[in-house]
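Trainee: Next one to model:
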Amino acid sequence: MDEFRFQITEEQEDERIDKCMSMLIDSLSRSYIQKLIKEEAVTVNGSPVKGSYRVKTDDEVAFCLPKAVEPAIEAENIPLDILYEDRDIVVVNKPKGMVVHPAAGHYSGTLVNALLYHCGSELSGINGCMRPGIVHRIDKDTTGSLLVCKNDAAHRAVAAQLKEHSIHRKYLAICHGSLKEEEGCVDKPIGRHPVDRKKMAVTPNGRTAVTHYRVLRRFAGYTYLECVLETGRTHQIRVHMASIGHPILGDEVYSSLSSPYKLKGQTLHAWTLGFVHPTTGKYMEIEAPIPDYFERLLHVLP
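Mentor: Presented below is the predicted three-dimensional model:
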């Protein structure tokens with residue numbers, strides 16, 4: 001097992017241990033952290049704690065990550081649009097409608113099923129057997145570039161960049177309405193919706209979330225945008241744009257506005273991904289071509 005240690009600072013005091021760890025370690029999901037705590041793999045000052053434990057300044061938190069086990073999910077021969085690949089990483093252009101990793105109701109047909117067929121055992125195991133190789137995600141109906149790690153060393157290096165918000169992520173989106181400014185920034189904290197736990201929302205107790213946007217083109221009733229993530233919260237662009245009255249066109253979760261176009265989910269594309277290669281140390285920038293449905297829509301919008 002790999003063991004990790006860190007010390008709690010004054011700024012982190014009184015946070016729940018599971019929330020604190022999820023904020024410090026972006027590469028691990030909160031549910032996985034809670035699983036580690038339940039299995040007593042997490043200690044504070046040498047003793048196991050419950051997930052409800054609230055950390056104190058100078059607490060020493062230690063936890064062990066079990067070695068990766070053989071995934072209990074099947075490899076499937078699903079074609080992948082690979083934008084870049086070497087022995088450490090692979091960047092794929094995820095299509096609309098594909099779930100990134102297996103979860104309740106989606107145990108086949110996911111990107112992970114396809115990656116297992118393409119990469120075999122060459123995927124990082126840090127995020128557990130259901131998410132081999134996965135260090136960050138994009139939504140089912142969001143298209144575009146996704147970085148996958150083939151080994152744990154690469155995973156840790158990329159996760160560190162995510163934590164520092166140094167990975168450059170540029171998205172293309174079409175939203176409802178006409179934004180007043182040509183450029184703007186939405187700086188609003190995002191957390192779980194207080195009522196619908198499947199949704200995210202702007203909430204005072206949420207995590208810091210910052211989205212920069214720039215108008216690319218204006219249409220009658222819609223705006224074509226470039227969005228740059230300063231942080232990477234779940235559903236961040238969708239929540240932020242909805243919060244300022246300009247939800248993403250086609251978003252069936254965060255928008256109540258109807259669309260005259262036959263869309264399957266939000267018009268959101270992870271266009272550019274810039275990062276430092278985990279082995280070479282060189283900065284790379286990968287661009288995912290705009291999908292056909294998106295291009296067609298840009299030509300028919302009034």
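Trainee: Which strands or helices does the longest helix along the chain pack on?
Mentor: Scanning the chain for the helix with the most residues, using DSSP state H, yields helix 152-163. Here helix 152-163 touches strand 143-149, strand 268-276, going by 3 or more C-beta pairs under 8 Å, 6 or more residues apart in numbering; DSSP states H and E. All C-beta spots, glycine's among them, are computed from the backbone N, C-alpha and C.
Trainee: if you compare those, which one is most tucked away?
Mentor: With neighbours defined as mean count of other C-beta atoms under 10 Å, the helices and strands packed on helix 152-163 peak in mean count at strand 143-149, which reaches a mean of 27.
Trainee: what does that one rub up against?
Mentor: 83, 88-96, 100, 111, 115, 119, 123-124, 133-138, 155, 158, 171, 268-273, 275, 278, 286-288, 291, 294 (C-beta atoms under 8 Å, 6 or more residues apart in numbering).
Trainee: picking up where we left off before, could I get the helices and strands packed on helix 152-163 as CSV with distance to residue 40 and mean pLDDT?
Mentor: Below are the helices and strands packed on helix 152-163 laid out as CSV (distance: least, C-beta to C-beta, whole Å; pLDDT from 0 to 100):
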stretch, distance to residue 40, mean pLDDT
strand 143-149, 28, 97
strand 268-276, 35, 98
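Trainee: Quick check: which of the ones you listed is nearest to residue 194?
Mentor: Nearest to residue 194, of all the helices and strands packed on helix 152-163, is strand 268-276, at 24.4 Å by C-beta to C-beta.
Trainee: Partner strands of the next helix or strand after the closest one and their direction?
Mentor: Per DSSP states H and E, strand 268-276 leads on to strand 283-287 as the next helix or strand towards the C-terminus. If you go by DSSP bridges, strand 283-287 pairs up with strand 268-276 (antiparallel).
Trainee: Helix 152-163 and the strand it pairs with, what's the angle between them?
Mentor: 110 degrees (axes from the mean of the first three to the mean of the last three C-alpha atoms, to 10 degrees).
Trainee: Pull out the buried positions in stretch 211-225.
Mentor: For stretch 211-225, a neighbour-count test (16 or more other C-beta atoms under 10 Å) marks 211, 213, 215, 222-225 as buried.
Trainee: which of those residues lies closest to residue 62?
Mentor: Of those, the one sitting nearest to residue 62 (C-beta to C-beta) turns out to be residue 211, at 34.9 Å.
Trainee: Can you tell me how far residue 152 is from residue 145?
Mentor: 22 Å (C-beta to C-beta, to the nearest Å).
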